[in-house]
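S.K.: Fold the following for me, if possible:
(2 chains)
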Amino acid sequence: MSASVLYDAPGPITRRRSRVTSIIGTVVILAILAWFIYTIAAPRTLANGATVVGLLDASRFDILSDPQLWQAVGRGLVQTLKMAAVGGALALVIGVLFSFGRTARSAAVRVPTAVVLEFLRGMPVLLMMLFILLVFATGSYWAGVVALAVYNGALIGEILRAGIQSLPRGQREAGLAIGLTPVHTRMIIEFPQAFRQMLPILVAQLVVLLKDTSLAYIVGYPELLRTVTNLGNFYGSRYTFTLFFIAFVIYLTMNLLLSWFARRLARRSGGRAAALARMPGAGMGTGAPGGGA
Amino acid sequence: MDAVIDSLPTYLKGFVGTLELLAISGVGALILGTIVAGLRISPIASLRTFAAVYTEVLRNIPLLLVLFFCGVVLPYLKVPLDYFPLALIGLTLYTSPFVAEAVRSGVNGVPVGQAEAARSIGLRFGQTLSLIVMPQAIRMVIPPLINVIIALAKNTSVAGGFFVYELFKAANDITNLRGDAVIVLLLGIAVLYLVITVPLGLIAGAVERRVAVLR
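M.R.: As a prediction, this is how the structure comes out:
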């Protein structure tokens, strides 16, 4: 909805006023940013009277030239990507299975699947990681991978189901009419279309998965964030901020690239998928149990 | 089963912690998110840009990293270094862009024709907004907002890894004490999360269906 519908075309006075407010807005934002940077750059006095240098002090950044630091960060990044890749691939497989179960004709399959899906979607990934770690004693890597795969698989299952349901009925009927079995129809007629239509949302879900690999930190897997905090212990707390900043830049770059990719896909496949990709929930993993998709 | 009964006080303490985190940071995120959404659709370009950058940055980094940054940066802003308020601020900051996007898409989702119709029967700017646009926008915003709150409920568990006492921390503690009944104890924790998320999801679904009838 464009704002111009709401009021008449602005005259010269209104235009001048809006120019002035625009300038004031810019100044206010710059002032807030300047205050923020100034405050974190200023030295801080601790409770015991000692003073620590500001967060932007040069002495905090001299490790950036240490190649060993970058090697360690690279190793952490590889571990994160490995977990995201394996977890993502498994999540897609599990999602396909769930979407089958959820749309099965027999209620004996459909109802239990629905219950399991609700259960999985209503629970934190972190709790699942802990559960798998303690109950199956798998080690932190598989605990993280399986929890991410199952949780995101449940969400992807619902996404695919929504995709299948959004297809015209004629697609399925045509498949059955030419003598394909229901499973065959699903596999070669409905799925390819549903998958393509939902691709942008699936990619958005993979962004969530990539972000959630950081939760494996808590169960002790040496992914990027764990690596960075370990490095903080190694180099000393002076460098904590610097190291977090490195992690920040890496995560931001990876996810913005993926999101950009999702938007490009949305533009290419157009229509409904594009509208859904702009859905507000996309990106937070808002798998709402009970919320009809 | 006796393990669950023995751990009831811990369950309760954790559940209260989770509810506190959810309630306070939920309200905070709703307020902050609405402000950011307002900036995002404001006619002033600099405010729009600021809100867009804020949204994109916070949406694309992990919650745990947001919490870590809060732990490092906020003491410089004279926030006392206590994990509970830090976690509240972190959760609020992390959730606010999702709220902002939900609100923004709700307002944008009202068809232009509605505002045009209101204008053409002679309603003024304030009347158009308060009588025509906002009532429809709010209704469309509520289901996605509830979904954001559900995600927040699940995200509070991350604060448990950040030394705040809530359900996930409680899960850690009781499974350390009673290693013999891990499955039952963790299912108990899971049920408590579901007690929060499932009803919210049902409300979201019901509201969504009602809105669908209206259109």
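
S.K.: which stretches of the stretch 151-293 of chain A form helices?
M.R.: Using DSSP state H, counting those that start in this stretch, the helices of the stretch 151-293 of chain A run over residues A:169-177, A:182-185, A:191-212, A:224-235, A:240-269, A:271-277.

S.K.: what about those helices, which gets the closest to B:Pro75?
M.R.: Taking Cβ to Cβ, helix A:240-269 is the member of those nearest to B:Pro75, at 10.9 Å. The way it works is simple: take the backbone N, C-alpha and C, and place the C-beta from them, glycine included.

S.K.: sorry, back to before: in a markdown table: the helices of the stretch 151-293 of chain A, plus distance to B:Ala170, mean neighbour count and mean pLDDT.
M.R.: Conversion of the helices of the stretch 151-293 of chain A to a markdown table gives the following (distance: least, Cβ to Cβ, whole Å; neighbours: other Cβ atoms under 10 Å in any protein chain shown; pLDDT from 0 to 100):
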| stretch | distance to B:Ala170 | mean neighbour count | mean pLDDT |
| --- | --- | --- | --- |
| helix A:169-177 | 47 | 13 | 92 |
| helix A:182-185 | 45 | 14 | 88 |
| helix A:191-212 | 21 | 22 | 87 |
| helix A:224-235 | 23 | 20 | 89 |
| helix A:240-269 | 28 | 18 | 87 |
| helix A:271-277 | 37 | 17 | 51 |
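
S.K.: Format those helices as a markdown table; extra columns: distance to B:Pro143.
M.R.: Below are those laid out as a markdown table (distance: least, Cβ to Cβ, whole Å):
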| stretch | distance to B:Pro143 |
| --- | --- |
| helix A:169-177 | 26 |
| helix A:182-185 | 32 |
| helix A:191-212 | 16 |
| helix A:224-235 | 33 |
| helix A:240-269 | 21 |
| helix A:271-277 | 14 |
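
S.K.: and those helices as CSV, adding distance to chain B?
M.R.: Shown next, in CSV, are the helices of the stretch 151-293 of chain A (distance: least, Cβ to the nearest Cβ, whole Å):
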stretch, distance to chain B
helix A:169-177, 19
helix A:182-185, 28
helix A:191-212, 4
helix A:224-235, 6
helix A:240-269, 4
helix A:271-277, 10
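
S.K.: Please work out how many residues are found near A:Trp142.
M.R.: Residues near A:Trp142, counting by other Cβ atoms under 10 Å in any protein chain shown, number 18.

S.K.: That one against A:Leu148, yeah?
M.R.: No. The pair A:Trp142 and A:Leu148 does not pass the contact test of Cβ atoms under 8 Å, sitting 10.6 Å apart.

S.K.: where exactly do the strands run in the stretch 1-150 of chain A?
M.R.: A:44-45, A:51-52 (DSSP state E, counting those that start in this stretch).

S.K.: Columns mean neighbour count and mean pLDDT on top of those strands, output as TSV?
M.R.: Formatted as TSV, the strands of the stretch 1-150 of chain A follow (neighbours: other Cβ atoms under 10 Å in any protein chain shown; pLDDT from 0 to 100):
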stretch	mean neighbour count	mean pLDDT
strand A:44-45	12	76
strand A:51-52	12	78
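
S.K.: among the ones you listed, which is nearest chain B?
M.R.: strand A:44-45 (5.5 Å; Cβ to the nearest Cβ).

S.K.: My guess is B:Pro43 contacts A:Arg19. True?
M.R.: No. Assessed by Cβ under 8 Å, B:Pro43 is found out of contact with A:Arg19, at 10.8 Å.

S.K.: Reformat the strands of the stretch 1-150 of chain A as a markdown table; add distance to B:Ala137.
M.R.: A markdown table is the format used below for those (distance: least, Cβ to Cβ, whole Å):
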| stretch | distance to B:Ala137 |
| --- | --- |
| strand A:44-45 | 44 |
| strand A:51-52 | 47 |
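
S.K.: about what we covered before: closest to B:Gln114 out of the helices of the stretch 151-293 of chain A?
M.R.: Comparison of the helices of the stretch 151-293 of chain A against B:Gln114 by Cβ to Cβ identifies helix A:271-277 as nearest, at 18.3 Å.

S.K.: Just give me the residue right at the centre of the chain.
M.R.: All of this is about chain A. For chain A, the residue whose C-alpha lies nearest the mean C-alpha position (Cα atoms, centre = their mean) is A:Val208; its distance is 1.9 Å.

S.K.: please go with chain B instead
M.R.: B:Ile149 (3.7 Å).

S.K.: Could you double-check that it lies in contact with B:Leu200?
M.R.: Yes. Counting by Cβ under 8 Å, B:Ile149 touches B:Leu200, with 6.3 Å between them.

S.K.: B:Leu58 is nearest to which of the strands of the stretch 1-150 of chain A?
M.R.: With Cβ to Cβ as the measure, strand A:44-45 is the member of the strands of the stretch 1-150 of chain A nearest B:Leu58 (24.4 Å).

S.K.: Show me the strands paired with that closest one, marking each as parallel or antiparallel.
M.R.: When pairing is defined by DSSP bridges, strand A:44-45 lines up against strand A:51-52 (antiparallel).

S.K.: and for the strand it pairs with, what are the contacting residues?
M.R.: Residues from elsewhere that reach strand A:51-52 (Cβ atoms under 8 Å, 6 or more residues apart in numbering or on different chains): A:43-46, A:238.

S.K.: can you give me the mean pLDDT across stretch B:85-101?
M.R.: The average pLDDT for stretch B:85-101 rounds to 94.

S.K.: quick check, it touching chain A?
M.R.: Yes. Judged by Cβ under 8 Å from any Cβ of the partner chain, stretch B:85-101 and chain A are in contact via B:95, B:98, B:101.

S.K.: of those residues, buried ones?
M.R.: B:95, B:98, B:101 (16 or more other Cβ atoms under 10 Å in any protein chain shown).

S.K.: For those residues, give me TSV that also has secondary structure.
M.R.: Formatted as TSV, those follow (DSSP: H, G, I helix; E, B strand; the rest coil):
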residue	secondary structure
B:Thr95	helix
B:Phe98	helix
B:Glu101	helix
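
S.K.: Show me which of those residues is closest to A:Val111.
M.R.: For those, the nearest to A:Val111 is B:Phe98 (31.5 Å; Cβ to Cβ).

S.K.: can I assume the closest one is in contact with B:Ala151?
M.R.: Yes. Between B:Phe98 and B:Ala151 there is a contact under Cβ under 8 Å: 7.2 Å.

S.K.: follow-up on the earlier one: was I right about the residue nearest to the centre of chain A contacting A:Leu148?
M.R.: No. Using Cβ under 8 Å, A:Val208 is not in contact with A:Leu148, being 9.4 Å away.

S.K.: Would you mark the buried spots in the helix ranked longest in chain A?
M.R.: In chain A, taking DSSP state H as the definition, the longest helix is helix A:67-102. The neighbour-count check on helix A:67-102 (16+ other Cβ under 10 Å) flags A:69, A:72-73, A:76-77, A:79-80, A:83-84, A:86-88, A:90-92, A:94-96, A:98-102 as buried.

S.K.: any weak-confidence spans in the stretch 1-150 of chain A?
M.R.: A:1-7 (pLDDT under 70).

S.K.: mind listing the helices for it?
M.R.: A:12-41, A:67-102, A:107-121, A:125-136, A:140-165.

S.K.: export those helices to a markdown table and tack on distance to A:Ala204?
M.R.: As requested, those are arranged in a markdown table below (distance: least, Cβ to Cβ, whole Å):
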| stretch | distance to A:Ala204 |
| --- | --- |
| helix A:12-41 | 29 |
| helix A:67-102 | 12 |
| helix A:107-121 | 16 |
| helix A:125-136 | 16 |
| helix A:140-165 | 9 |
